[in-house]
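Trainee: Dropping the sequence and predicted coords here.
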Amino acid sequence: MVHVTGALPQYIPSPPINSFHIGPLDIHFYALGYIIGITLAIWITRRRWRALGGDPDVVNDIALWVVPAGIIGGRIYFDITTPMDIPHVWYGVFAVWTGGLGIWGGVAAAAAVGVWRLHRLGITAGPFANAIAPALLVAQAIGRIGNYFNKELFGGPTTLPWGLEIPYPYRVSGGIPAQDLRFATFQPTFLYELIWDLALAAFLVWLGHHARIKPWGLFALYVAGYSGFRIFEESVRIDSSEYFLGLRLNMYIAIVGTLAGLAWFAAVQRRPGRPVVVRPAGADSPAQPDAGDAPAAAEGEAEGVATVRSEE
């Protein structure tokens, strides 16, 4: 007869490490999470872009531009909105490997650079934005695993069985209110966001297959859906943040993002259909979709040009 000598912990334990060594290299799980997330996002977008009749190799080209732009934009946003969390070393403002990428700053910078690059390639940005929207959410979800290893992005104290254990030094460095330092387990808001991101990504893929969503529509819903969740998340989080009129600064960004995204989606859906280019004139003939890819909703195709009116 087997006797149980100990009960399972009634909380999520913190990992004992946040990096590992390969020779002289110190590999941080936070950075590794984003590398894996970006790789998955590129793979997903290639499949979705090919299903729309586009050249999947264009996704690689765009990634070479938008990934650095997103990292730079995300770090600038983090440095501006949470200056108290910048490491106190001369390179602190650049130390992304320690954590600290603001999603909104990263998406804004990457989107601007991506639109510019697509325009240079002669491709309409709207269909590409719809193709990449679910992939961005998958990348963000994988990236949130890095917050677990960094013991950050947590909410208020809780006794729930999925509460996250935060060691005392990290409670102090996290800048939580003094009255909460005595607690050991906290809301794992990074985990809530991870689950939401994957669920929203699945919803956007489903919606794109079952409704006539016009160019930029899915991306607008991505902005609204992610920002809407952040309203909840910012109401739960207690870690360090800039405050304005009693609310966390990111709360205002989340509210604006939610309303703007919904208004953007409504405007896009009401706009009359117009021709869009997913493969510029002179490009190779459109690649055939892989098995399992969504069929391209193309109309009025001309030589070297695919015209798309909706993503289905």
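Mentor: Happy to help now that I have it. Residues are numbered from 1 along each chain as shown.
Trainee: going forward, measure contacts between C-alpha atoms and count neighbours the same way
Mentor: OK.
Trainee: wait, residue 176 sits on residue 237?
Mentor: No - taking contact to mean C-alpha atoms under 8 Å, the distance of 9.1 Å between residue 176 and residue 237 leaves them out of contact.
Trainee: who's more crowded, these two?
Mentor: For the pair residue 176 and residue 237, the greater number of neighbours falls to residue 237 (22 against 19), based on other C-alpha atoms under 10 Å.
Trainee: how about the strands in this protein?
Mentor: In order along the chain, the chain carries the following strands (DSSP state E): 19-22, 25-28, 164-165, 185-186, 243-244, 247-248.
Trainee: so how far is the third one from its chain's centroid?
Mentor: Averaging C-alpha positions (C-alpha atoms, centre = their mean, to the nearest Å) puts strand 164-165 23 Å from its chain's average.
Trainee: what does the fifth one give?
Mentor: When C-alpha coordinates are averaged (C-alpha atoms, centre = their mean), strand 243-244 and its chain have centres 24 Å apart.
Trainee: Next: stretch 44-60.
Mentor: The chain centroid and the centroid of stretch 44-60 are separated by 19 Å, computed with C-alpha atoms, centre = their mean.
Trainee: Direction included, what does the worst-scoring helix or strand of the chain on mean pLDDT pair up with?
Mentor: Here the helix or strand of the chain ranked lowest by mean pLDDT, DSSP states H and E is strand 243-244, holding a mean of 82. Note on strand 243-244: by DSSP bridges, its sheet partners are strand 247-248 (antiparallel).
Trainee: neighbouring contacts of the strand it pairs with?
Mentor: Around strand 247-248, the neighbours that count as contacts under C-alpha atoms under 8 Å, 6 or more residues apart in numbering are 234, 241, 242.
Trainee: Throw together a ChimeraX command that grabs the buried residues out of those residues.
Mentor: To isolate the buried subset of those in ChimeraX, counting by 16 or more other C-alpha atoms under 10 Å, use the following:
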select :234,241
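Trainee: want to throw the contacts of strand 247-248 into a markdown table with pLDDT and distance to residue 278?
Mentor: Converted to a markdown table, the contacts of strand 247-248 look like this (pLDDT from 0 to 100; distance: C-alpha to C-alpha, whole Å):
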| residue | pLDDT | distance to residue 278 |
| --- | --- | --- |
| 234 | 92 | 38 |
| 241 | 78 | 41 |
| 242 | 79 | 42 |
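Trainee: Which of the contacts of strand 247-248 sits closest to residue 71?
Mentor: The shortest distance between residue 71 and any of the contacts of strand 247-248, using C-alpha to C-alpha, involves residue 241 and amounts to 20.0 Å.
Trainee: Does the closest one touch residue 81 like I think?
Mentor: Yes - the pair formed by residue 241 and residue 81 meets the contact definition of C-alpha under 8 Å, at 7.1 Å.
Trainee: what touches both of the two?
Mentor: Contacts common to residue 241 and residue 81, judged by C-alpha under 8 Å, 6+ apart, are residue 249.
Trainee: Look up how far residue 27 lies from residue 272.
Mentor: When C-alpha to C-alpha, to the nearest Å is applied, the distance between residue 272 and residue 27 equals 50 Å.
Trainee: of those two, who's got more company?
Mentor: Each of residue 272 and residue 27 had its neighbours counted (other C-alpha under 10 Å), and the higher figure belongs to residue 27 (14 against 8).
Trainee: Touching, the more buried one and residue 19? I think so.
Mentor: Yes - taking C-alpha under 8 Å as the contact criterion, residue 27 and residue 19 are neighbours in contact, 5.3 Å apart.
Trainee: Not counting sequence-adjacent ones, nearest residue to residue 235?
Mentor: Computed as C-alpha to C-alpha, 6 or more residues apart in numbering, the closest residue to residue 235 that is not its neighbour in sequence is residue 251, at 7.6 Å.
Trainee: Could you tell me how many residues sit around the one you found?
Mentor: Residue 251: 20 neighbours (other C-alpha under 10 Å).
Trainee: repeat for residue 199
Mentor: For residue 199, the neighbour count with other C-alpha under 10 Å is 15.
Trainee: now do residue 143
Mentor: The local packing count at residue 143 equals 24, with neighbours defined by other C-alpha under 10 Å.
Trainee: Run through the residues that contact it.
Mentor: By C-alpha under 8 Å, 6+ apart, the residues touching residue 143 are 30, 33, 34, 37.
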